[in-house]
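Asker: What would the 3D arrangement of this be:
(chains A and B)
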Amino acid sequence: MVAADWPGVDPEWSREIEVSSTSDADGRGAVRRWHLLDNGAQLSRRGLAPAGTLLCVHGNPTWSYLWRTLLAAGSDPAHPWRVVAVDQLDMGFSERTGRFRRLADRINDLGDLTAALGLGGPVVTVGHDWGGVISLGWALAHQEQLAGLVLTNTAVHQPPGSRIPPALRLALHPAVHRWGTTTSDAFLRVTHSLAHPPLAADVRGAFMAPYRGAGRRAGVGNFVADIPADASHPSFPALGRVAEGLGGLGVPALMLWGPRDPIFSDRYLKDLIGRLPHAKVHRFEGAGHLVSEDRDIATPVFEWLSEHDRDSGPGLQRMDALRDGPSLEVRAGPLDPGTGPAPLWAPLTEAANGPAGGDTAVAEMAADGRAARSLSWQELERSIAALAAGLQEAGVRHGSRVSLMVPPGVDLTVVLYACLRLGAVVVVADAGLGTRGLSRAVKGATPDFLIGIDKALAAASVLGWPGRRISVRELPAARRRLLAVETSLAVLANRGELLSGQTPPLPVPDPHAPAAVLFTSGSTGPAKGVLYTHRQLAAMRDTLAATLGIRPGARLVAGFAPFALLGPALGAVSVTPAMDVTAPGTLTARALADAAAAIDATVVFASPAALRNVLATQGGLRRAGHEALGRVELLLSAGAPVPESLLAQVQRLLPLASLHTPYGMTEVLPATDISLEQIRAAGADAAAGTVAGAGNGVCVGRPVHGTRVAVIPLAADGTAPGNDPVSEPGVTGEILVSAPHMKEAYDRLWLTQRESVRTAGWHRTGDVGHFDAAGRLWVEGRLAHVVTAPGAVITPVGAEQAIERLAGIGLAAVVGVGPPGTQAVVAIVDTVPPARRAGPAAPQLAGRVRETARQAGVSVSAVLVVPSQPTDIRHNAKIDRTRLARWASAVLAGGRPGTP
Amino acid sequence: MRVLVTGASGLLGRVVARLLVHQGHSVTTFQRRPADVDGAADLPGSVTDEDAVRRAVAGAEGVIHLAAKVSFTGRAVEFDEVNVEGTRRLLRVAREAGVRDLVFVSSPSVANSGAAIAGLGAEPADPARAHGHYSRTKAEAELLALAADSPDFRVAAVRPHIVWGPGDTQLVERVLERARRGRLPLLDAGAALIDTTYVDNAASAIVAGLHRMEHIHGRALVVSNGEPRPVGELLAGICAAAAVPAPSWTVPGRLARAAGSVVEKIWTRAGREGEPPMTRFLAEQLSTAHWFDQRGTRELLDWTPAVSLDEGLARLAEHYGTYQRPLRGLGWQTGQV
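Answerer: Reported below is the predicted structural model:
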């Protein structure tokens, strides 16, 4: 008998059972001894009726210990589930059979076991690693009682022509295999080392426990040898049956994934999503192969189970209700064309067919001040149609993911609209995420195609980004081979021209189908992919048009990518100024004026960083440039807060323009809008104290057309636990937005998505703020940055603004150190001129900052100075308060200042 | 109420005794040297002398026990004799004499192993981990005191953190003396966040404890101003209050020092003869974060500090403006850290 003394395991769960084997690997009448962790007896002893059974299958070289958190959660009286976690034969504490067990044997073994256990009622299978395949094999053979699938870092299919991961190739190599997996414990140790953070010593010991001694490790080696590396392998047919059968399993599925896995990388997740498109998927960024060790998977698994419990009736049969079909989210059908927004490109087509179809639609500027390229509406329409045909021939389909790494301009416009017309999903990750963030984003989104300029293709080669590669321009053959580029947009466009007339017209994609994945800036944790449908993109266009009055015929300078791409969809003439788009701070006044002059622009989109540089370089403007800018009617600057002082300077440069700074986020673009006049009025109201709630934050104005904004009030602990949005003046809370143009979902972040729509019909922004009596929204910071001092919940922005008004201070950040509820408030400032190194502020400066904060209602304990504030790459404006708080905690504990 | 105050010749004990007199209580003071508190009966004597203790306790309803050996010189046995055995003796005699309430004035150092403390409450006293004879013996004494708590004889421990004020010889005078001699080095890295207790606040909290025994008996409470500051700024504030030039804030050089090394230097560099030997202890207290969760304390005592840090510094300035030469040598034995 096994002495069950492993951390996290109730000894009562450990049991053994004799099972008659029917597997080919065993002779007739063979009986095998299995070890399991099973909470069934415990549940019945406590009088708890389980809702069903989780059948958990480990991979190689772990054992049932991997599932201990599920056993503990299943034993919770709040949601009793029987959890049967098996040790496969030759593995864990089960019998060493001395036979080579292949995949088909192992699937059959598991069936023998569940038959011997008399496992009745609904079963949800749970698998990891190669245990995932075996659990799915069991699922296919027991569909009458199958109620759901949970998969963690596993794979069912090796795409033809691709090789298995290098780590496995090494383990399979004849020179390494026996020694690495059986003779030594190297394979075990390497696997255990994949945990992030590292496993605790006692947990590592428990994982190693059943595999001490080469004689107990034969199963580990055989498991590796049974990996079907190619079609000639004896287990290849069994794997193929599982892979092919999967699509027919109409049960709910949950996939929890650790992307830092050298074996079961995102490409296998993508394959599984293709087979189980209805699955809920959550990628735990930063977690790896042992995802159940790296993160809490029990909570999401049981939340997922209970979600399905709620959907169906009570009793043991309730999971059966799930088997009726995969459509767990009931969707409305395609919109009635009469009521839904027109397709994104409708105004473009209209313009091409209209009287002005020969006029310029898109242009991009060269550094010499002339238009480098331009297309008329008709040319644009034709180019898009041709490229779409070419892309289709190259394999881009409805639903294909296409990563676009092309700078704003004519090429991007054409390829973007070509992909959307095909129903492909464009993945738009920008260099503003930083190389690491960008790489993580692209890998997580697993594009099927990557269309990029040279630089992007080179990065794709070096960093191993997925997707078939297409260059913008045709490359020399050697370079093409080096970068593994298949073809180019130039070639595809020509090909498409030839095909025109031969291909049937493209059907209009379902408005509810995904159209784009955009990425958050990553200033608050790893960048998140945000999924938009066609309908939501069209709604974004209509919101912009209605809010800002941009109508067909408008002429806009597109210095800010997200909105710039909507130009043709708005029926507006768009010109891209000459600038390094990866660095918005490189837009010069001259380049802006040249672009404006080229199309006689009425509208300018530019980020705050770009505007700063425009102001800094306005000395280089000639009279014609001033005149061109003087004709601009509307300027829109978004992406980060735009200080009034900056806008005031911009106003002098664009005297006729109405200056607008919308507030929004990647998930809702835009949510509110405010003009310079309105900012001034709000500031005057705050100073006069005549309007209740005016002040303490950045005024971002009123909700844009068709949009609702409300707050969930903050509790004393600095969270927003409630579910009832309010909009009373002066009530601070988490800001919620509801709009037709808000995101469909976070991409492959099921848990994050659930949290963000916890209040039904609303997107929880994670920002905090309040309304004033005039209905204006004031943003006070991020929910995660709220400081809880004794008796006070403090939002950072109000005090920060007050401190930033002091002479000699640049940017200020207010953070908390110490335990929630009794935090000490710390103000961190950068100064003009900058401090040489970080540390406590001199007493006089500290005194001034403290007094200013006190007048803003905040008691500051410590004032620290940094040479410059850490800000995000994309906007160079959002201060990383979380990082500053960590740094301040260390410094104020008595540590070395270093740099934040 | 008839109240006995032990250790009333020290900075804190004296203010406690005066506050009790001011509140109209009948106060007796008991320590080795005369306490000189107007309106209180003074009974000089030592807690090591059982007869003297018995005489002092006679007739008292409440006791506030501050007397302790605070020095860092001396052998362990001397600390044990005064701090542990003296407390044991006082507890026994007081209970026998029918005293109803006893407030044991303790120190947060009884629960401090030397690690930074950021926003914690009153952790249990731990003689095994406390640093130095003073903290170890105070920890033992606090455990004795809290163990003696019963419905008939209510005992609580109040731990004021770094008490200072006009007449303080430990923090204030030490800093000023270094600064006057130009030996207060390099404050620029002194970033450890330190909470302190202005003496009047410590006294009012202790007296509040005596009035709130039904809520606090059996417990230990940390008391502070609840206004943590970076230690460099705190020391600079003290210098400014006494009009002593503080050293330059910014120093050349690339070395950014941890607060610890700076404060170590303040107290351990060669000083004058007869250096009062609290150095290392205070250095430790000031080189890592020491600030506390005051929410429970304030609620249980129904008390808030009346004198803010800034107000305390103003009073300090007034004190040094009035007295060119500050008082020296006041009761080492009874001060609280």
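
Asker: thought residue B:291 was touching residue B:108?
Answerer: No: with contact defined as CB atoms under 8 Å, residue B:291 does not count as touching residue B:108 (10.0 Å). For every residue, glycine as well, the C-beta is placed using N, CA and C.

Asker: Please enumerate the shared neighbours of the two.
Answerer: Listed as contacting both residue B:291 and residue B:108 by CB atoms under 8 Å, 6 or more residues apart in numbering or on different chains are residue B:117.

Asker: of those two, who's got more company?
Answerer: Ranked by neighbour count (other CB atoms under 10 Å in any protein chain shown), residue B:291 and residue B:108 place residue B:291 first, with 30 against 26.

Asker: In a strand, residue B:125, correct?
Answerer: No: the assignment for residue B:125, made by DSSP: H, G, I helix; E, B strand; the rest coil, is coil rather than a strand.

Asker: What segments of the stretch 201-337 of chain B are strands?
Answerer: B:220-223, B:229-230, B:290-292 (DSSP state E, counting those that start in this stretch).

Asker: chain center to stretch A:205-217, what's the gap?
Answerer: Relative to its chain's centre, stretch A:205-217 lies at 38 Å (CA atoms, centre = their mean, to the nearest Å).

Asker: Just the residues contacting that stretch, thanks.
Answerer: For stretch A:205-217, using CB under 8 Å, 6+ apart, the contacting residues are A:6-9, A:61-63, A:65-66, A:87, A:91-93, A:96, A:181-185, A:188, A:192, A:199, A:220.

Asker: and the residues you listed, which are buried?
Answerer: Neighbour counting over the contacts of stretch A:205-217 (16 or more other CB atoms under 10 Å in any protein chain shown) leaves A:6, A:9, A:61-63, A:65-66, A:87, A:91-93, A:181-182, A:185, A:188, A:192, A:199, A:220 as the buried ones.

Asker: Wait, a helix at residue A:306?
Answerer: Yes: under three-state DSSP, residue A:306 sits within a helix.

Asker: what's near enough to touch the spatially most central residue of chain A?
Answerer: In chain A, the centroid-proximal residue (CA atoms, centre = their mean) is residue A:528; its distance is 2.5 Å. For residue A:528, the contact set (CB under 8 Å, 6+ apart) comprises A:519-520, A:666, A:746-747, A:749, A:752.

Asker: So which of those are in strands?
Answerer: Residues of these located in strands (DSSP state E): A:519, A:746.

Asker: right, and residue A:781 touches residue A:768 too?
Answerer: Yes: taking CB under 8 Å as the definition, residue A:781 is a contact partner of residue A:768 at 5.7 Å.

Asker: Mutual contacts of the two, please.
Answerer: residue A:795.

Asker: Kindly report the residues of chain A close to chain B.
Answerer: Counting by CB under 8 Å from any CB of the partner chain, the residues of chain A close to chain B are A:790-791, A:817-819, A:821-824, A:837-840, A:842-843, A:846, A:859, A:861-864, A:889, A:891-898.

Asker: Quick check: the gap between the residue nearest to residue A:38 when sequence neighbours are not counted and residue A:71.
Answerer: What sits nearest to residue A:38 in space, not counting adjacent residues and going by CB to CB, 6 or more residues apart in numbering or on different chains, is residue A:84, at 4.9 Å. Separation of residue A:84 from residue A:71 (CB to CB, to the nearest Å): 9 Å.

Asker: Find residues that contact each of these two.
Answerer: Between them, residue A:84 and residue A:71 share these contacting residues under CB under 8 Å, 6+ apart: residue A:37.

Asker: Just the ones in strands from the residues of chain A next to chain B, please.
Answerer: Secondary structure from DSSP E places A:817, A:824, A:839-840, A:862-864 of these in strands.

Asker: tell me the mean pLDDT for stretch A:75-86?
Answerer: For stretch A:75-86, mean pLDDT is 96.

Asker: ok, and for that stretch, which residues are buried?
Answerer: A:75, A:79-86.

Asker: From the chain's centroid, how far away is it?
Answerer: Centroid displacement of stretch A:75-86 relative to its chain, using CA atoms, centre = their mean, is 31 Å.

Asker: Show the end-to-end separation of it, please.
Answerer: End-to-end distance for stretch A:75-86: 17 Å, by CA to CA, to the nearest Å.

Asker: need the contact list for the residue of chain A found nearest chain B.
Answerer: Using CB to the nearest CB, residue A:818 is the residue of chain A that sits closest to chain B, at 3.2 Å. Residue A:818 is in contact with A:824, A:889, B:118-119, B:291, counting by CB under 8 Å, 6+ apart.

Asker: Put together CSV for the contacts of residue A:528, with neighbour count and pLDDT on each row.
Answerer: Shown next, in CSV, are these (neighbours: other CB atoms under 10 Å in any protein chain shown; pLDDT from 0 to 100):
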residue, neighbour count, pLDDT
A:519, 26, 91
A:520, 21, 87
A:666, 16, 91
A:746, 23, 95
A:747, 25, 95
A:749, 22, 95
A:752, 17, 93
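
Asker: Surely residue B:173 is in a strand?
Answerer: No: counting by three-state DSSP, residue B:173 falls outside a strand, being helix.

Asker: mind checking how far the residue nearest to the centre of chain A is from residue A:747?
Answerer: Distance of residue A:528 to residue A:747, given as CB to CB: 7 Å.

Asker: ok, the closest residue to residue A:261 other than its chain neighbours - how many residues close by?
Answerer: Nearest non-adjacent residue to residue A:261, counting by CB to CB, 6+ apart: residue A:289, 4.1 Å away. Residue A:289 has 29 neighbours, counted by other CB under 10 Å.

Asker: pretty sure residue A:289 contacts residue A:259?
Answerer: No: Residue A:289 lies out of contact with residue A:259 (CB under 8 Å); the separation is 9.9 Å.

Asker: Distance from the chain centre to stretch A:647-663, please.
Answerer: How far stretch A:647-663 lies from its chain's middle: 33 Å, per CA atoms, centre = their mean.

Asker: could the ones in strands among the residues of chain A next to chain B go into CSV alongside distance to residue A:574, neighbour count and pLDDT?
Answerer: Formatted as CSV, those follow (distance: CB to CB, whole Å; neighbours: other CB atoms under 10 Å in any protein chain shown; pLDDT from 0 to 100):
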residue, distance to residue A:574, neighbour count, pLDDT
A:817, 48, 27, 96
A:824, 51, 29, 97
A:839, 49, 25, 87
A:840, 50, 29, 88
A:862, 49, 25, 96
A:863, 47, 26, 95
A:864, 45, 26, 95
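
Asker: Widest-spaced pair of those?
Answerer: For these, the farthest-apart pair by CB to CB is A:824 and A:839; their separation is 17.0 Å.

Asker: one step back: please list the residues outside the helix or strand hosting the residue nearest to residue A:38 that contact it.
Answerer: For residue A:84, the enclosing helix or strand under DSSP states H and E is strand A:82-86. Outside strand A:82-86, the residues that touch it by CB under 8 Å, 6+ apart are A:34, A:36-40, A:43, A:50, A:52-58, A:64, A:66-68, A:70-71, A:73-75, A:94, A:110, A:113, A:117, A:119.

Asker: quick one: strands adjacent to that strand?
Answerer: Using DSSP bridges, the strands paired with strand A:82-86 are strand A:31-38 (antiparallel), strand A:53-57 (parallel).

Asker: Please identify the deepest-packed of those strands.
Answerer: Stretch with highest mean neighbour count among the strands paired with strand A:82-86: strand A:53-57 (a mean of 27; mean count of other CB atoms under 10 Å in any protein chain shown).

Asker: just how off-centre is it within its chain?
Answerer: 29 Å.

Asker: Which elements pack onto the lengthiest helix in chain B?
Answerer: In chain B, taking DSSP state H as the definition, the longest helix is helix B:132-147. Secondary-structure packing of helix B:132-147 (3 or more CB pairs under 8 Å, 6 or more residues apart in numbering or on different chains; DSSP states H and E): helix B:76-79, helix B:86-96, strand B:101-105, strand B:154-160, helix B:279-287.
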